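Trainee: Model the following, please.
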Amino acid sequence: MATATRREKDACDLLDDDHKKVKKMFKEYETLTESKARSASAKKQQLAQQICQELTVHATIEEEIFYPAVRAAIKDDDLMNEAEVEHASAKDLIAQIEAADPNDPMFDAKVTVLGEYIDHHVKEERNEMFPKARGAKRLDLVALRDQLEARKTELMGQTAEA
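Mentor: Numbers count the residues shown, from 1 in each chain. Modelled structure (predicted):
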């Protein structure tokens, strides 16, 4: 009886776990937007701030560690440039959400559009970037995962202190 060998979790898995966590948070936010409860407004603001924090840390570790390593290994500047432009757009929207009053009629729309941006970005990473990264011969994605985890822990500690 043959047993399938399970590969060790790598950098792509770590990043995709972040994607799944944030997707769940966006779904929870969407549910709150449909709620008539008075407590929903405060919960939405808290959740929006949490989404922004998670995405900011995620984008930072990708930009500082993952993207430079992948860019050097796969030689697909178009894909990597597009990912960085998508990050810039998301960061702009994150800044708007963080500065906005949750009672602003545009608040929910901004969070919704951010979720749509992130969905698009995640699809491209999952379907294009991650397979190319995993196919690259000179890229140690397990070691990269360790670097990403360490930096993420450091950044999350900084945001908790702020």
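Trainee: so where is the chain shaky, pLDDT-wise?
Mentor: 1-6, 159-162 (pLDDT under 70).
Trainee: Go again with 80.
Mentor: Regions of the chain meeting the criterion pLDDT under 80 cover residues 1-7, 36-40, 158-162.
Trainee: all helices for it, in order.
Mentor: Here the chain has its helices, by DSSP state H, at 11-33, 39-61, 67-74, 77-99, 107-124, 130-135, 141-161.
Trainee: mind putting the ones you listed in a markdown table, mean neighbour count included?
Mentor: Every C-beta, even on glycine, is put in place using the N, C-alpha and C of the backbone. As requested, these are arranged in a markdown table below (neighbours: other CB atoms under 10 Å):
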| stretch | mean neighbour count |
| --- | --- |
| helix 11-33 | 16 |
| helix 39-61 | 18 |
| helix 67-74 | 18 |
| helix 77-99 | 15 |
| helix 107-124 | 17 |
| helix 130-135 | 15 |
| helix 141-161 | 14 |
